[in-house]
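> Sequence and predicted structure, then a few things I'm wondering about:
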Amino acid sequence: MGNAHGHRKDRNSHNNSNSYPTPVPPYYKYGPPALFQVPGFTTQPQMALSLPYTNVDSCLRALAGQAEGFGRFAIGGLHGPLYHVTTLADDGPGSLRDGCRKKEPLWIVFEVSGTINLSSYLNVSSYKTIDGRGQRIKLTGKGLRLKECEHVIICNLEFEGGRGPDVDGIQIKPNSKHIWIDRCSLRDYDDGLIDITRQSTDITVSRCHFSQHDKTMLIGADPSHVGDRCIRVTIHHCFFDGTRQRHPRVRYGKVHLYNNYTRNWGIYAVCASVEAEIYSQCNIYEAGQKKVAFKYLTEKAADKNEACTGCVRSEGDLFITGTQSGLMTNNTISNLFHPSEYYPTWTVEAPTDALKHVIQHCTGWQSVPRPAEANELPLRK
């Protein structure tokens, strides 16, 4: 089934742990650890894939603090009560909008399934978990806006059919941080599916399915926003399924891509623009008619005299069906970041057919039951 490069998170090694609210006991970990991969060494083949998040459905709040990568501190509404969405109405008592605007921490769950037609952006305030497990919720019309907020988890939702100028499925700007978007399906919005700009940082996007779309994911606003040099994003185990471009397109930020499957793009797979640093690790790139995976665009930062492009380092990526990497041989990568400078371990597999199969079938909204609260679980005897 492929080699397990078993980067696994050590939850006791967080730096600056006193700077962030931490989950109350029990602090959930994954299942049995995979083999640990030391740079420069190899691991022996294993019979099964080593995948992340094997235990996050064990009880309701097991998601909190469990993201891999830059969004690893996101705890969402861990310390707040449950908020039950009881109506598909756009606003009013029991609505999703009503829960998201409240200032206190909340863990938002759904008692209904169906489509919520948003007439305007739905603003999400800090310390919220929007947990779609146990139901099938689709947001349409507009999207979610994460504006100057922190500690937000968005899990197991569908986004489809957003209409209007500058309408994104999930818009993260400005100055938002500690965000985790997990296991969502996104398609067919007039602008982006996920846009991360204006000094928003420390974000993880995982296990999401992107389809039927043009400008999929933008990281970094435009060359005038030099403050976007602070942006740090991890994207892993996602399926970019025939979307045209921006998987992602990056300006300024540091982006770690691993174990994603990108196929049949219409222009390019990944784009590095002004001062971007992209670390692409063990991803699968499968071209259709357009063969080049990596594209470079030259732009001038507002505080620099000369224009420049970004950098891409490809490590262990798989290019199939005639895909050309497009990597620039003269691209300066000596100063490109390495993820281990920011987080100690992560879960990454060799890019095999087995991994491709898992990503095709286990990304996006999933029909999984809503886990019980920890205090609702039966006691062990």
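That came through fine. It should be emphasised that the depicted structure is a prediction, and the values quoted were computed from it without experimental measurement.
> The residue lying closest to residue 117 once chain neighbours are set aside - how many residues pack around it?
Distance criterion Cβ to Cβ, 6 or more residues apart in numbering; nearest residue to residue 117, sequence neighbours excluded, is residue 141 at 4.7 Å. For every residue, glycine as well, the C-beta is placed using N, CA and C. When neighbours are counted by other Cβ atoms under 10 Å, residue 141 registers 19.
> Could you report the pLDDT at residue 141?
Note on residue 141: pLDDT of 98.
> Report the contact partners of it.
Counting by Cβ atoms under 8 Å, 6 or more residues apart in numbering, residue 141 touches 117-119, 161-163.
> repeat that for 7 Å
117-119, 162-163 (Cβ atoms under 7 Å, 6 or more residues apart in numbering).
> repeat for residue 114
residue 88.
> so it bridges to which residues?
The bridge-partner assignment for residue 114, based on DSSP bridges, gives residue 137.
> now it: how far from residue 164?
Computed as Cβ to Cβ, to the nearest Å, the residue 114 to residue 164 distance reads 22 Å.
> quick revisit: pull out the buried residues from the contacts of residue 141.
Buried subset of the contacts of residue 141 (neighbour count, 16 or more other Cβ atoms under 10 Å): 118, 162.
> Let's see which of the contacts of residue 141 end up in strands.
Judged by DSSP state E, strands contain the following of the contacts of residue 141: 117, 162.
> which two from the contacts of residue 141 end up farthest apart in space?
119 and 162 (11.8 Å; Cβ to Cβ).
> Show me the common contact partners of these two, please.
141-142.
> now the residue nearest to residue 117: how far from residue 343?
36 Å.
> again with residue 147
26 Å.
> With neighbour numbers in mind, choose between the two.
Between residue 147 and residue 343, residue 343 has the larger neighbour count (other Cβ under 10 Å), namely 22 against 16.
> did I read that right, that one in a helix?
No. Going by DSSP: H, G, I helix; E, B strand; the rest coil, the assignment for residue 343 is coil, not a helix.
> isn't it right next to residue 73, touching?
No. Contact criterion Cβ atoms under 7 Å: residue 343 and residue 73 do not qualify, at 10.0 Å.
> for the most centrally placed residue in the chain, helix, strand, or coil?
In the chain, the residue lying closest to the centroid (Cα atoms, centre = their mean) is residue 205, at 0.3 Å. Secondary structure for residue 205, judged by three-state DSSP, is strand.
> what's the answer for residue 256, then?
strand.
> for residue 178, same thing?
Strictly by three-state DSSP, residue 178 counts as strand.
> Ok, residue 235 next?
Counting by three-state DSSP, the backbone at residue 235 sits in strand.
> what residues are up against it?
Residue 235 sits in contact with 205, 248, 255, 257, 260, where contact means Cβ under 7 Å, 6+ apart.
> Kindly recompute the last result at 6 Å.
Taking Cβ atoms under 6 Å, 6 or more residues apart in numbering, we find residue 235 in contact with 205, 257.
> roughly how far apart are it and residue 267?
18 Å.
> Next: residue 109.
Taking Cβ to Cβ, one finds residue 109 at 39 Å from residue 267.
> Those two: which has the busier surroundings?
In terms of neighbours (other Cβ under 10 Å), residue 109 is the more surrounded of residue 109 and residue 267; the figures are 20 against 14.
> how near is the residue nearest to residue 117 to residue 167?
Distance from residue 141 to residue 167, counting by Cβ to Cβ: 8 Å.
> what's the weakest-modelled helix or strand in the protein?
None of the helices or strands of the chain scores lower by mean pLDDT, DSSP states H and E than strand 4-5, at a mean of 37.
> what about the closest residue to residue 302 other than its chain neighbours, which helix or strand?
Take residue 302 and drop its neighbours on the chain: the residue closest to it by Cβ to Cβ, 6+ apart is residue 224, 4.6 Å away. Per DSSP states H and E: residue 224 is located in neither a helix nor a strand.
> again with residue 202
strand 201-206.
> elements contacting the very next helix or strand once past that strand?
Downstream of strand 201-206, the next assigned helix or strand under DSSP H and E is strand 209-211. On a contact count with 3 or more Cβ pairs under 6 Å, 6 or more residues apart in numbering; DSSP states H and E, strand 209-211 meets strand 185-189, strand 239-241.
> The ones you listed: which one's closest to residue 317?
Of all the helices and strands packed on strand 209-211, strand 239-241 comes closest under Cβ to Cβ, at 13.7 Å.
> looking only at pLDDT, what's the mean for the next helix or strand after the closest one?
Remark: after strand 239-241, the chain's next helix or strand is strand 249-250, criterion DSSP H and E. For strand 249-250, the mean per-residue pLDDT is 98.
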